[in-house]
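Asker: Need a 3D model of the sequence below.
(one chain, ligands or ions: 2)
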Amino acid sequence: MDSDLLLYNGTVLGETQTIANGYVLVRDGRICRIGSGVPEQEAAEKIDVKGLTISPGFIDMHTHGIGNVDFMESSIEDMEQALSEYARYGATRVVPTTISNTIDATISQMKQIRKLRENSPLGAMIPGTHMEGPWLSARCRGGHALEYLKSPTAEDVRRVIGEVGDIIITLTYAPEVQNAVWLTEQLCYHGIIPSLGHTEATFEQAEQAILAGARHVTHMYDTTLGYKENPEEALVMMPGMETAVLMDDHVSIELIGCPVHVPRPFFRFINKIKPRDKKVLVTDSLVGTGLPEQTRLTYKDGRRLYVEQGVLRMIDEDPAVNGNLTGSAVTINVALSRLKEYAELTIRDAVSWVSLNPATTLGISKQTGSIAIGKYADIVVMDESCNVKMTLLKGNRVFKAE
Ligand SMILES: [Zn+2]
Ligand SMILES: [Zn+2]
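Answerer: Ligands and ions are numbered 1, 2, ... in the order given. You can find the predicted model right below:
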């Protein structure tokens, strides 16, 4: 049977092996054959990738926006535009992430994202959303506004799960907030991945959350305070959330691909210490991603930001807040090339942090996340520096470099 599309003459990063001078054959949006050389079957379209790397598409499971679009407040049309922007950098799945706000505003924006997913041709890029906050630690709030932070009440949790629980795939909360264990159970029961973050939890609090089903850590080492001095005994350190999640091989850890948010040795450390499918790289990118240096932006609620050297910082009259780091402006392909360098990985191992590992974490690895027969043809063609030349979503070209 003839195929729709053949990519050939590339280094294929297949799920089980790397194939030099390899090809990928696509039929009905799915990968139907991989191998070396050129296949016998005819294909309606043949693309010679001229020695470039044929990689699984990238999955960014934590991003707030890109190109002046913000998933907390932009319109459906603008968010659709953002999806094609992500594809320029090789993303074939993104998990739109909301930032702390009122429960009403959060639910209403989740509904908009659901409409986008249902109605847009690019909606397939959204496996679900990530609700980040408002159930976070005030001290570790980072870019989240203090006024919205609270503990989860039964009423709020019931509303969130009841109205938008079907679209939320992951939810970040601090395990020291009131009712955190109960919240963890509710999330697990309704198929939402509980993720620990923006936290100064004790070891015991984190362990209780893991026992109740927490399985992921949101941007480890950024707004997590894992170790604290024992107030009773000078210079004795108390273990915190970090120790609990590093000791448990069921918990996956995400790092932001940015040396300002995550000091470089942590990339090597996490690579060494975590099982191979429990390491995830994200952008946590904000609205200013892809915009020029020193661009100033204002959220609808008045909070102001500026772009500086790959990160976003806050503008505020309070000198304690002004200049604070509030998020990154990195794209997923740049994050990938940094990870490769910082953790001293092969491209194959580095790519797993942005493909199969997040797919496994999100529970979508049967459909996507690697180049394997039967999976969707979610594919990136890139050069050795991770510059993206072409992106395929379910076999359709959603980006091609000029
Ligand atoms: Zn965060
Ligand atoms: Zn975030």
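Asker: what are the pairing partners of the strand or helix carrying residue 195, and which direction each?
Answerer: Per DSSP states H and E: residue 195 is located in strand 193-196. Under the criterion DSSP bridges, strand 193-196 sits next to strand 168-173 (parallel), strand 216-217 (parallel) in its sheet.
Asker: Is the longest one in proximity to ligand 2?
Answerer: No. Strand 168-173 stays out of contact with ligand 2 when judged by CB under 5 Å from the ion, the minimum separation being 7.5 Å. Backbone N, C-alpha and C define where each C-beta goes, glycine included.
Asker: what does that strand contact?
Answerer: 61, 95, 110, 127-133, 135-136, 152, 160, 180, 183, 187, 192-198, 216, 218, 362-363 (CB atoms under 8 Å, 6 or more residues apart in numbering).
Asker: Kindly report the same for stretch 265-273.
Answerer: By CB under 8 Å, 6+ apart, stretch 265-273 touches 220, 221, 246, 253, 255, 279, 338, 339, 342, 343, 344, 345.
Asker: doesn't the fourth one fall inside a strand?
Answerer: Yes. Applying DSSP: H, G, I helix; E, B strand; the rest coil, one finds residue 253 inside a strand.
Asker: What distance do you get for it to ligand 2?
Answerer: Taking CB to the ion, to the nearest Å as the measure, residue 253 falls 15 Å from ligand 2.
Asker: Spell out which residues of the stretch 51-200 of the chain are next to ligand 2.
Answerer: residue 132.
Asker: Please work out which residue of the stretch 51-200 of the chain is closest to ligand 2.
Answerer: As assessed by CB to the ion, ligand 2 sits closest to residue 132 within the stretch 51-200 of the chain, at 4.8 Å.
Asker: If you tally nearby residues, what's the number for that residue?
Answerer: 28 (other CB atoms under 10 Å).
Asker: Just the pLDDT at it, thanks.
Answerer: For residue 132, the pLDDT comes out at 98.
Asker: now residue 12
Answerer: 98.
Asker: Just want the phi and psi numbers for it.
Answerer: phi -90, psi 120 (degrees, to the nearest 10).
Asker: mind listing what it touches?
Answerer: Here residue 12 is in contact with 18, 19, 22, 23, 24, 34, 54, 371 (CB under 8 Å, 6+ apart).
Asker: Is the closest residue to the third one other than its chain neighbours bridged to anything, and to what?
Answerer: Going back to what we said before, that points to residue 22. Nearest non-adjacent residue to residue 22, counting by CB to CB, 6 or more residues apart in numbering: residue 12, 3.5 Å away. Taking DSSP bridges as the rule, residue 12 bridges to residue 19, residue 54.
Asker: now the strands: where do they sit in the stretch 1-150 of the chain?
Answerer: 3-13, 18-27, 30-36, 43-48, 53-56, 58-63, 65-66, 69-70, 91-98, 129-132 (DSSP state E, counting those that start in this stretch).
Asker: any idea how this structure splits into domains?
Answerer: Residue ranges for the domains of the chain, per automatic domain parsing: 3-55+378-400, 58-362.
Asker: How far does the first one stretch from one end to the other?
Answerer: To tie it back to what came earlier, the one meant is domain 3-55+378-400. Counting by CA to CA, to the nearest Å, you get 21 Å between the two ends of domain 3-55+378-400.
Asker: which regions of the stretch 101-250 of the chain sit below the pLDDT cut-off?
Answerer: Counting by pLDDT under 70, the stretch 101-250 of the chain contains no low-confidence residues.
Asker: Using TSV, please lay out the strands paired with strand 193-196 together with mean neighbour count.
Answerer: Below are these laid out as TSV (neighbours: other CB atoms under 10 Å):
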stretch	mean neighbour count
strand 168-173	26
strand 216-217	26
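Asker: among those strands, which is nearest residue 120?
Answerer: strand 168-173 (17.5 Å; CB to CB).
Asker: Now do the contacts for the residue of the stretch 51-200 of the chain closest to ligand 2.
Answerer: So residue 132 contacts 62, 97, 98, 99, 100, 144, 171, 172, 197, 198, 218 (CB under 8 Å, 6+ apart).
Asker: in the sheet, who's paired with the second one?
Answerer: Beta-bridge partners recorded for residue 97 (DSSP bridges): residue 130.
Asker: OK, contacts around it?
Answerer: With CB under 8 Å, 6+ apart, residue 97 has these contacts: 62, 63, 64, 71, 129, 130, 131, 132, 284.
Asker: Most neighbours among the residues you listed, please name it.
Answerer: That'd be residue 284 among the contacts of residue 97, by other CB under 10 Å, with 31 neighbours.
Asker: Wait, that one touches residue 329, no?
Answerer: No. Counting by CB atoms under 8 Å, residue 284 stays clear of residue 329, with 9.7 Å between them.
Asker: how near is the one residue in the stretch 201-350 of the chain that gets nearest to ligand 2 to residue 102?
Answerer: Across the stretch 201-350 of the chain, the shortest distance to ligand 2 (CB to the ion) belongs to residue 284, at 4.4 Å. Residue 284 sits 22 Å away from residue 102 when distances are taken as CB to CB, to the nearest Å.
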